[in-house]
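Enquirer: Could you look at this predicted model? Sequence included:
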Amino acid sequence: MRTLLLCLLGLMTASPDLALAQMKLPTKAAPNAGEVRYFTAIDGLMAGNADVVLKETRQGKTVTAAVLDVCYPAEKGADRKDRFVANLTVNGQTLTGTTQSLGDKLPVTIRLVRKPTGDSFEFRGQISVGQAVTDVISTDNSDLSEKEFQESQTTDDGIAADPKDFTEVSPESIGVRVKLDAVLDFLKGLKGQDLEVSLSSLSVSCDAMRAGEQTIHVNIDPERAAALVAKAKSSPGVVAAGWTSGGVEMDRTIRFAAADWRDGDRLNRDRLAATVSGVLAKTLAAKASASAWDANTGKLKITLKRPSRIFPALGLTETIEVTALVAPDKPGATDRLMLWIGSPAISTSDEASGPKLNLADESSLDEEGELKDDNGSVEALAREFKGQRWDGDTNGWK
């Protein structure tokens, strides 16, 4: 039932702005305006995949007006959502209405019978979207007050426009909240740039459809992150831009003086890569094979190799890959750098001369190939860089 209601909200014929206006909560009720109540858990709609909000205005126990907002998958198994919002006609316990979905412009017809059952409510009837007809049978539904509904709808995309440092947000992870009608142009503006856009952030959620705003997540070299944030803030339709949480884990991060690792205003990346590779080669008892800086994200990928101990006589080789990120410890001018080091990931192969033994490593599928023990690599790096480790107990550097 909940899925069906959510689907109904998404298929409204009115414009998105009008749909949003219909669901907008008044800041103060007018005299004799009645009480506003909400249902957000009507089960069964769209095979249980719909996000539904039914808003009722009541005078005492009598419903005087109702709006049904349904958001649902536009296609089976697809991430794309559609939505309709319908103003319902109230005739006793019967709620009826017609509208059109906002995305696919499908006709929507609603007929529901609402019945109080003690402290809860029962809904029965039918909702049709295009050629699809859903029988609604939903019992034991509880309603929410306007305050409870508003609190349940509060979302936080974690964007920090001006963070004091990079201990709670990641230096390479940028979030940009954009009005829905401006998202396409904003994304087109990112084409050809050295950065990565999170694929999952391209899907418009039901919350985004109702808010009229979508948050796009971007990974970029920390040296260019501030410039991207500044540019995004001045772009049409952008509501907010800043740093968000990302891949940096503080317990695998060190902070150290920047002076010896910069050439002017830029990082000495060759020296940094050589130093990190040298430390890892010692702690992991391996030989550094390659290192490369990602032009999009600024991350350093280090590859090391060592003999496998699984079956020494076969002469198998373990390949170890480690990702690192070097960035300022805060936005703006600073004399400190941060180094985050990811957990090593290993794979085993036959690199000996002659015919090869093909190997299937099922354990790497379960544990993503990550080593549980990196032989104290983070602590060794802290010593080499004369850096500080993060203290999770005090939430400060030590």
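Expert: Perfect, thanks for sending it. Numbers count the residues shown, from 1 in each chain.
Enquirer: Domain parsing of the chain, as residue ranges.
Expert: For the chain, the structural domains run 2-153, 173-243, 250-397, going by automatic domain parsing.
Enquirer: between those, which gets nearest to Asp165?
Expert: domain 250-397 (4.0 Å; CB to CB). For glycine as for every other residue, the C-beta is placed from the backbone atoms N, C-alpha and C.
Enquirer: hang on, the earlier thing: Pro163: which of the domains of the chain is closest?
Expert: domain 173-243 (5.5 Å).
Enquirer: Glu172 contacts Ala324, doesn't it?
Expert: No. If you go by CB atoms under 8 Å, Glu172 and Ala324 don't touch, sitting 11.5 Å apart.
Enquirer: For the two, indicate the residue with more neighbours.
Expert: Glu172 (28 against 21; other CB atoms under 10 Å).
Enquirer: Ramachandran angles for Leu339?
Expert: Backbone torsions for Leu339, taken as degrees, to the nearest 10, come to phi -130, psi 120.
Enquirer: residues contacting it?
Expert: Residues near Leu339 by CB atoms under 8 Å, 6 or more residues apart in numbering: 253-256, 276, 324-326, 381, 385, 387.
Enquirer: Output the below-cut-off pLDDT ranges for the chain.
Expert: Within the chain, the stretches with pLDDT under 70 are 1-33, 44, 363-373.
Enquirer: Show me the residue sitting in the middle of it in space.
Expert: Ser201 (6.1 Å; CA atoms, centre = their mean).
Enquirer: Pull out the buried positions in the longest helix seen in the chain.
Expert: Of all segments of type helix in the chain, defined using DSSP state H, the longest is helix 269-283. The neighbour-count check on helix 269-283 (16 or more other CB atoms under 10 Å) flags 272-273, 275-277, 279-281, 283 as buried.
Enquirer: What of stretch 201-209?
Expert: For stretch 201-209, burial by neighbour count (16+ other CB under 10 Å) applies to 201, 204-206, 208-209.
Enquirer: these two touch, right, Gly103 and Glu75?
Expert: No. Contact criterion CB under 8 Å: Gly103 and Glu75 do not qualify, at 10.7 Å.
Enquirer: Pro328 pairs with what?
Expert: Leu337 (DSSP bridges).
Enquirer: Okay, Val85 and Val53: tell me how far apart.
Expert: Distance of Val85 to Val53, computed by CB to CB, to the nearest Å: 9 Å.
Enquirer: what's near enough to touch Arg224?
Expert: Neighbouring residues of Arg224 by CB under 8 Å, 6+ apart: 194-195, 298.
Enquirer: If we ignore the residues flanking it in sequence, what's nearest Ser198?
Expert: His217 (3.9 Å; CB to CB, 6 or more residues apart in numbering).
Enquirer: Kindly apply the preceding question to Gly298 instead.
Expert: Spatially, and ignoring its direct neighbours in sequence, Gly298 is nearest to Asp221 (3.1 Å; CB to CB, 6+ apart).
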